[in-house]
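[1] return atomic coordinates for the entry below.
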Amino acid sequence: MQPENNFLETADIETSSDDYASRFQGPTGEWLLHVQEQATLSMLTQYPNASILDVGGGHGQLTKALINKEFSLTVLGSSLSCQNRIKTYIDAGQCEFKMGDVLSLPYPDNAFDIVISYRFLAHVNQWQAFLSELGRVAKTAVIVDYPTTRSINYLSPLLFKFKKGVEGNTRKFICYQEKELLDFCSSIGLEKDNRHPQFFWPMVLHRMMKQPKVSELLENPVKKLGLTYVWGSPVITKFQKVH
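    Okay, the predicted model is just below:
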């Protein structure tokens, strides 16, 4: 689908689609999203009733959970189509939606207590400009997820055909040298506060097995040994804004 504007970074148009959401259908998909949701909510416990801007959050993976926790939620999408999967919540007045350019967010500085963005950094070209804009409109903290090279994702170029064969609708993504990303965030006043790598084993393996209980059995031991913290991906990181 083509955007109805000239925005340069529009990765959320695909991640807000029903086709993308199909990758998380079924028990394994629900388990993958549950892990993401629990990590996110744990990072937000110290901000009750905060205003949150979810940039590219039209995928709706966190919408219901954030509403249920009584956060004041706004979702920004690169296209009007990005609201389709969360329209029920918008129509009920439980969250707001706005179309805008993620490289020039239509809000003043410090407009929201928290800014989050998932499924975007992995597909953005101008990642420094993107992160700078998230930090500009955040008053307190920024939470993002990203794949890191310090994981089995290092082999992703070699495994892409296999991954696409299993998942069907996957696309190439950017793996970050995490130190480079963290150093850049520090340079713009975003200091790492909480880091949560989600899975030691690649998500495609869990999707292939289709057995979330088995996935838990695989993930739990390496998590207890601390290997997930070192080698896990994708990583969810909360950055505290330093004023």
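
[2] the nearest residue to Ser117 once chain neighbours are set aside: what's it in contact with?
    Counting by Cβ to Cβ, 6 or more residues apart in numbering, Val55 is the residue found nearest to Ser117 once chain neighbours are left out, at 4.1 Å. C-beta coordinates here come from the backbone N, C-alpha and C atoms, glycine included. Counting by Cβ atoms under 8 Å, 6 or more residues apart in numbering, Val55 touches 12, 76, 102, 105, 115-117, 120, 134.

[3] which two of those have the greatest separation?
    The distance between the two most remote of the contacts of Val55 (Cβ to Cβ) is 14.1 Å, for Asp12 and Val115.

[4] residues touching Lys210, list them.
    Per Cβ under 8 Å, 6+ apart, neighbours of Lys210: 26-28.

[5] backbone dihedrals for it, please?
    phi 60, psi 30 (degrees, to the nearest 10).

[6] could you measure from it over to Phe200?
    19 Å (Cβ to Cβ, to the nearest Å).

[7] of the contacts of Lys210, which belong to helices?
    If you go by DSSP state H, those have 26-28 in helices.

[8] in PyMOL, select just the buried ones from these.
    Typed into PyMOL, the line below selects the buried ones among those, using 16 or more other Cβ atoms under 10 Å:
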select buried, resi 28
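
[9] and of the ones in helices among the contacts of Lys210, the nearest to Leu190?
    Thr28 (32.8 Å).

[10] is it correct that that closest one is in contact with Met209?
    Yes - using Cβ atoms under 8 Å, Thr28 is in contact with Met209, at 7.3 Å.

[11] identify the contacts common to these two.
    Common contacts of Thr28 and Met209 (Cβ under 8 Å, 6+ apart): Ser215.

[12] helix or strand with the lowest mean pLDDT in this protein?
    Every helix and strand of the chain was ranked by mean pLDDT, DSSP states H and E. The lowest is helix 156-167, at a mean of 61.

[13] figure out how far the helix or strand where Ala141 lies is from the centre of its chain.
    Per DSSP states H and E, Ala141 falls inside strand 138-146. Mean C-alpha position of strand 138-146 versus that of the full chain (Cα atoms, centre = their mean, to the nearest Å) differs by 10 Å.

[14] show me what that strand is packed against.
    Applying 3 or more Cβ pairs under 8 Å, 6 or more residues apart in numbering; DSSP states H and E, one finds that strand 138-146 contacts helix 26-44, strand 112-117, helix 127-137, helix 178-187, strand 190-199, strand 233-241.

[15] got those as CSV, with distance to Ile86 columns?
    Rendered in CSV, the data for the helices and strands packed on strand 138-146 read as follows (distance: least, Cβ to Cβ, whole Å):
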stretch, distance to Ile86
helix 26-44, 14
strand 112-117, 14
helix 127-137, 19
helix 178-187, 27
strand 190-199, 22
strand 233-241, 20
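
[16] now Trp145: how far from Gln36?
    That one is not Trp; residue 145 is Asp. Plainly put, Asp145 is 7 Å away from Gln36 if you go by Cβ to Cβ.
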